[in-house]
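**Student:** whatever this is, show me its structure:
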Amino acid sequence: METYTEKLNDNQIQLLKKKYYNYISDKKIPYALFQIKLEDCTITVYTSKKAVYQGEKASLYLTQPLEEDEAGSDEVGTGDYFGPVTVCAVLVKKEDIAFLKELQVNDSKQINDDQIRQKAPLLIKRLTHSLLILDNIKYNQIHTTNNMNQIKAKLHNQAYLHLQKKAGSLPERCIVDQFAPKDLYYRYLQNEPHIINGLTFETKAESKYLSVACASMIARYAFLCAWDKMEEHYQCTIPKGAGAEVDRFAAAFVNKYGYEELSKIAKMHFKNTAKLK
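**Tutor:** Presented below is the predicted three-dimensional model:
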């Protein structure tokens, strides 16, 4: 079952209510304006103007409040001990909406890796985008003077700079999946030679904006490709995340290859490293 959430304006709420008037449920939902019960989707519109779509074909009923071109960015890999950090910024145009809806684009965390491998190459082929991959060797060097959020801010900014160069210009609305408050984000960039200003920051933006969802999927795909190469190089299966299984693998890896080799594939400031010592 698919689940999507998006923020609606008053006009969109009224249009939704009018369109599905005969399918509005009599059931009273706490904090909800109304609920629409369709055969393959349930749409609940809350007093906060948030709409939640649930069902086998929920993506087909999204209003997709994209009235003009937009760009979005997201990152992957920051919670994994092993593997790189990947950041992507994507430009989505109005004419891309039908294609993206048919492809059932969604946040990469909401779909499995097999689907990512199938769909992301289609996004890469169609959409103007900028993809940055920060490998572990470089990451560990940078982290000596920059914390994780500083690194992410600089990568997002660089991704937008590259996207601007590729596209010729950026649309008025550029969204960052928020990992830090706006003022802190720009404070991280204060010494950068070029800065993209006027960005919109929203939490869980990948579930609200097509551009951020596309960025999330492409970034995840790049992360998976890097992971494949890592496993192929060491001829083993490497666990994702940063839990107990990762600790056990890291211990065995260090026993076989040593700490210097570990620094080539791991984020050494994670607590997993301290546990090894």
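**Student:** can you tell me the centre-most residue of this protein?
**Tutor:** Averaging the C-alpha coordinates of the chain gives a centre point, and the residue nearest to it by C-alpha atoms, centre = their mean is Ser216 (3.0 Å).
**Student:** strands of this structure, start to end?
**Tutor:** 2-7, 32-37, 42-46, 50-55, 70-76, 85-92, 129-134, 173-177, 200-202 (DSSP state E).
**Student:** and the residue nearest to the centre of the chain, how far from Val90?
**Tutor:** Using C-beta to C-beta, to the nearest Å, one gets 9 Å for the distance from Ser216 to Val90. (Glycine included, C-beta is placed from N, CA and C.)
**Student:** what do you get for Leu15?
**Tutor:** Relative to Val90, Leu15 is positioned 27 Å away (criterion: C-beta to C-beta).
**Student:** more neighbours, those two?
**Tutor:** Legend: neighbour count by other C-beta atoms under 10 Å for Leu15 and Val90, higher for Val90 (30 against 13).
**Student:** end to end, how far does stretch 82-97 reach?
**Tutor:** Between the start and the finish of stretch 82-97 there is a gap of 35 Å, counting by C-alpha to C-alpha, to the nearest Å.
**Student:** off-centre distance for it?
**Tutor:** Shown here is stretch 82-97, whose average C-alpha point lies 8 Å from the average C-alpha point of the whole chain (C-alpha atoms, centre = their mean, to the nearest Å).
**Student:** ok, and for that stretch, which residues are buried?
**Tutor:** Going by neighbour count (16 or more other C-beta atoms under 10 Å), the buried part of stretch 82-97 is 82-93, 96.
**Student:** which two of the residues you listed have the greatest separation?
**Tutor:** Greatest spatial distance among the buried residues of stretch 82-97 (C-beta to C-beta): Phe82 and Lys93, at 35.9 Å.
**Student:** now do Ile111, the pLDDT please.
**Tutor:** At Ile111 the predicted local distance difference test score is 82.
**Student:** 586 is where my numbering starts, stick with that
**Tutor:** New numbering, starting at 586: the last item is Ile696.
**Student:** tell me how many other residues crowd it.
**Tutor:** The number of residues packed around Ile696, counting by other C-beta under 10 Å, is 19.
**Student:** residues in contact with it?
**Tutor:** The contact partners of Ile696, taken as C-beta atoms under 8 Å, 6 or more residues apart in numbering, are 704, 802.
**Student:** what about it, distance to Tyr806?
**Tutor:** 11 Å.
**Student:** for Leu685, same thing?
**Tutor:** As judged by C-beta to C-beta, Leu685 and Tyr806 stand 15 Å apart.
**Student:** ok, now which ones touch Glu787?
**Tutor:** Glu787 sits in contact with 760-763, 793-794, where contact means C-beta under 8 Å, 6+ apart.
**Student:** alright, that wraps it up for me.
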